[in-house]
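S.K.: build me a structure from this.
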Amino acid sequence: MELVVERCAGLDVHKDLVVACVRYPGPDGVRKTEIASFSAFMADLLALRDWLCSYNVSRVAMEATGVYWKPIFYVLEDAMECWLLNARHMRNVPGRKTDIGDAEWICQLTEHGLVRPSFVAPKEIRDLREFTRYRRTLAEERTREAQRLDKVLQDAGVKLSSVASDVLGASSRAMLAALVEGTRDPVALADLAKGKLRSKLPALRTALEGRFGPRHAVLVSEILSHLDYLDEAIGRMTFAIEEAIAPFAEARDRLCSIPGIDRRLAEAIIGEIGVDMGRFPTAAHLASWAGMCPGQHESAGKQKRGTARHGDSWLQRHLAVAAMAAVSSKDTYLRAQYRRLSPRRGKQRARKAVGHSILVACWHVLATDDATYLDLGPDWFDRRNAPAVRARRKLSELRALGCQLYINDDGTTTVVLPAA
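M.R.: The predicted model follows:
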């Protein structure tokens with residue numbers, strides 16, 4: 001078998017243990033193998049790097065196991081070429097399932113070029129990714145905390161959410177603070193309303209009559225404090241993201257031209273896929289990596305139903321949000337695509353198809369300098385066919401509805417509608 005890498009290494013990574021295998025040419029031309037084990041603590045990882053450098057290893061490959069590969073990858077990436085391998089691309093030989101056997105097998109696959117590396121973003125994108133993921137986690141926790149607040153109010157018989165559209169607005173926060181401090185008079189509480197909410201004073205007085213007791217006051221006080229902390233944490237994360245996204249601000253602004261993508265979603269998408277599309281030769285490669293396209297399963301010349309791969313779950317969630325926003329936009333290609341697919345494929349698959357289209361648009365916007373999104377228009381699915389084809393389809397639909405068509409002498413067509 002052809003030898004692709006002369007000096008390479010394979011790592012079998014665990015939480016507290018790293019087993020390394022190095023293969024290199026010996027003095028007599030025979031391939032030599034060296035095995036060593038290291039702990040996952042930083043001092044031993046530095047020793048692992050020095051050990052690999054002593055053999056002049058040019059490429060080291062490791063299998064993705066949870067998050068345990070990350071510190072090892074970050075220590076080695078500046079000293080040599082690092083490959084992160086997909087566990088599904090490797091199958092060990094039967095009867096050799098040991099840590100040493102796994103490391104040797106990874107090393108042999110790498111030296112013969114039988115595996116390919118997974119996408120690992122550069123350091124700047126990795127930093128941005130950690131910030132955007134944590135900000136979304138904080139935002140989701142804030143949503144859950146707001147739901148807990150309404151649950152406590154419902155338990156107390158306070159129907160504030162039935163009248164006020166925002167339970168955490170300025171008026172609602174003033175009423176909740178007064179409830180915590182001991183005010184129970186619904187008239188006095190309703191008078192704290194501001195702005196447009198004052199037009200609902202009678203309904204507010206009725207909604208604020210309840211059995212709000214000391215237990216509810218303690219819970220609401222803690223929830224409001226937690227919400228204040230989450231708001232401050234989200235603000236700090238947003239500031240950190242602004243600093244991390246600064247080198248890619250121009251790419252972020254161009255992504256915002258795609259329907260359904262706002263500033264926050266653009267930052268999150270860049271954090272997941274980066275701005276250099278050279279890693280993905282085509283938009284189809286990016287969609288496949290993200291798990292946003294159907295799987296392929298062909299056997300005996302027959303095409304069977306295939307499931308999509310797992311892909312990047314964070315990116316899929318961002319695209320799902322973008323798709324929901326895009327289908328609500330008016331006079332766009334994405335809305336027309338959703339309305340065309342949802343009746344026969346279902347809403348969930350239609351939204352995923354819209355997310356796939358958004359991701360393809362992201363690839364083209366990022367792969368081309370100074371490119372922005374150009375919408376095809378809501379009538380694209382009609383315009384893509386020749387007028388004669390569209391006319392025949394419309395006539396077929398009329399016949400299916402029971403209409404009678406007559407061709408006149410001057411070439412025009414008369415349509416007779418069916419009886420009511």
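S.K.: from now on I want contacts and neighbour counts done on CA atoms only, so please keep to that.
M.R.: Fine.
S.K.: so where's the stretch 301-420 of the chain uncertain?
M.R.: Applying pLDDT under 70 to the stretch 301-420 of the chain flags the ranges 301, 303-306, 419-420.
S.K.: 50 instead?
M.R.: Along the stretch 301-420 of the chain, no part satisfies pLDDT under 50.
S.K.: would you list every one of the strands in it?
M.R.: Counting by DSSP state E, counting those that start in this stretch, one finds strands in the stretch 301-420 of the chain at the ranges 302-306, 404-407, 413-416.
S.K.: likewise the chain?
M.R.: Assigned by DSSP state E, the strands in the chain fall at 8-13, 17-25, 31-39, 59-63, 81-85, 295-299, 302-306, 404-407, 413-416.
S.K.: between these, which one is closest to A146.
M.R.: Smallest distance to A146 across these (Cα to Cα): 38.7 Å, for strand 295-299.
S.K.: helices and strands of the protein: which one bottoms out on pLDDT?
M.R.: Lowest by mean pLDDT, DSSP states H and E among the helices and strands of the chain is strand 295-299, with a mean of 65.
S.K.: ok, Q337 to V163 distance?
M.R.: Distance, Q337 to V163, by Cα to Cα, to the nearest Å: 37 Å.
S.K.: which one of the two is surrounded by more residues?
M.R.: The neighbour comparison of Q337 against V163 (other Cα atoms under 10 Å) goes to Q337, with 20 against 16.
S.K.: K200 versus the more buried one, what's the distance?
M.R.: Counting by Cα to Cα - Q337 and K200 are separated by 41 Å.
S.K.: ok so, going back, which of the strands of the chain sits closest to E104?
M.R.: Minimum separation from E104 across these (Cα to Cα) falls at strand 17-25, 5.6 Å.
S.K.: just the mean pLDDT for that closest one, thanks.
M.R.: Strand 17-25 shows a mean pLDDT of 92.
S.K.: give me the sheet partners of that strand and which way each runs.
M.R.: strand 8-13 (antiparallel), strand 31-39 (antiparallel) (DSSP bridges).
S.K.: can you tell me which of the strands of the chain is most buried?
M.R.: Of all the strands of the chain, strand 8-13 carries the top mean neighbour count, a mean of 27, counting by mean count of other Cα atoms under 10 Å.
S.K.: which residues touch that strand?
M.R.: If you take Cα atoms under 8 Å, 6 or more residues apart in numbering as the criterion, strand 8-13 is touched by 18-24, 52, 57-65, 68-69, 99-100, 102-108, 110-111.
S.K.: could you do stretch 66-73 as well?
M.R.: If you take Cα under 8 Å, 6+ apart as the criterion, stretch 66-73 is touched by V13, H14, K15, A40, L45, M62, E63, C82.
S.K.: widest-spaced pair of those residues?
M.R.: Across the contacts of stretch 66-73, no pair lies farther apart than K15 and C82, at 18.8 Å, counting by Cα to Cα.
S.K.: show me the domain layout of this protein.
M.R.: Structural domains annotated on the chain: 8-111, 124-247, 248-295+310-367, 387-416, as defined by automatic domain parsing.
S.K.: which one of the ones you listed lies closest to P378?
M.R.: When these are compared by Cα to Cα, domain 248-295+310-367 sits nearest P378, at 4.6 Å.
S.K.: chain center to that closest one, what's the gap?
M.R.: 9 Å (Cα atoms, centre = their mean, to the nearest Å).
S.K.: quick one: end-to-end length of that domain, please.
M.R.: Across domain 248-295+310-367, the terminal residues are separated by 13 Å (Cα to Cα).
S.K.: helices of the stretch 51-200 of the chain, start to end?
M.R.: Remark: helices assigned in the stretch 51-200 of the chain by DSSP state H, counting those that start in this stretch are 69-76, 99-111, 123-155, 160-163, 170-181, 186-190.
S.K.: ok, the most centrally placed residue in the chain - contacts?
M.R.: Per Cα atoms, centre = their mean, the C-alpha nearest to the average position across the chain is that of L315, at 1.5 Å. By Cα under 8 Å, 6+ apart, the residues touching L315 are A268, I269, E272, A290.
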